[in-house]
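[1] dropping the sequence and predicted coords here.
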Amino acid sequence: MVSKVVAPKKTLKSAAVSLSEVLAVPPVAPGAQAAAPEMAQRVTFLVHTISARIAMVGNRHFRAHDLNHFSARILVLLLEKEELRTGELVDLMVLPQSTISSQLQALHKKRLIRRRRSRQDNRSVMVTLTAAGMELARDCNELSLRVHEATLRDIPEREKQIAFGFLRKIDERLAELENQDIYPFHGLEQLQALAGLDNSTRLKRPRGNGRVLVASDPPEEFSK
């Protein structure tokens, strides 16, 4: 009987080191207190820079069709799901209702989507792709897949799993924070006081004669 050789599994410690290397965060010595991270070492800023770079890559391709990364993702979601309610797009995209509505209005004006009232609930609006929208959605989907593949190229499968698991946990925790008051900001009156101002004298742009216009001044067209 031939014994089967099983490769040793990575320990939790080695997996943590891999994740630390992926995120480029220096390890903290045992017993040492971690210093407050600089902006570049914060998860929120890293996510911001990643999102900004994704938008820059996409905008090079979207410009000719007057799309943005929001509208392109809406098209891909409709390609995958075939039909979605406006409220479902709000949940999937994690964007305000007003933002989704403006994006859908622009897509409808370009004749890339159709909108109709739901037969089950007249208050719900159902959204589907037109023939032109479907072709453009396929282009957007192909671009997204190529960016996805390029960003994960040469990264070991284990590290991918760790990274995706990490990001999903971050997403879940941010969802919990959405409706919480986490930090008490200074009030506007406090900041105005620090700036040497009060509610009746808020600085505005200078007038043509160089004098500072304040809120208590009459409008310039009525002051002549």
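    Okay, I see it.
[2] residues contacting Leu112?
    Neighbour list for Leu112: 75, 129-130, 132-133, 136 [criterion: C-beta atoms under 8 Å, 6 or more residues apart in numbering]. In this view, the C-beta of every residue, glycine as well, is placed from N, C-alpha and C.
[3] just among those, which is most surrounded?
    Within those, most neighbours by other C-beta atoms under 10 Å means Leu75, with 25 neighbours.
[4] in terms of helices and strands, where is it?
    Leu75 is located in helix 69-81, with elements delineated by DSSP states H and E.
[5] for that helix, which residues meet the burial criterion?
    For helix 69-81, the neighbour count (16 or more other C-beta atoms under 10 Å) marks 69-79 as buried.
[6] and the gap between the spatially most central residue of the chain and Asn122?
    The residue lying closest to the centre of the chain (C-alpha atoms, centre = their mean) is Ser51, at 6.2 Å. With distances taken as C-beta to C-beta, to the nearest Å, Ser51 is found 36 Å from Asn122.
[7] Arg119 in helix, strand or coil?
    Put simply, Arg119 is coil when judged by DSSP: H, G, I helix; E, B strand; the rest coil.
[8] count of neighbours near it?
    Residues near Arg119, counting by other C-beta under 10 Å: 8.
[9] just the pLDDT for Ser111.
    Let me fix one detail, which is that residue 111 is Arg and not Ser. Turning to Arg111, the model gives it a pLDDT of 96.
[10] check the gap between the residue lying closest to it once chain neighbours are set aside and Leu75 for me.
    Nearest residue to Arg111 in three dimensions, chain neighbours excluded: Thr130, at 5.7 Å (C-beta to C-beta, 6 or more residues apart in numbering). As for Thr130, its distance to Leu75 is 11 Å (criterion: C-beta to C-beta).
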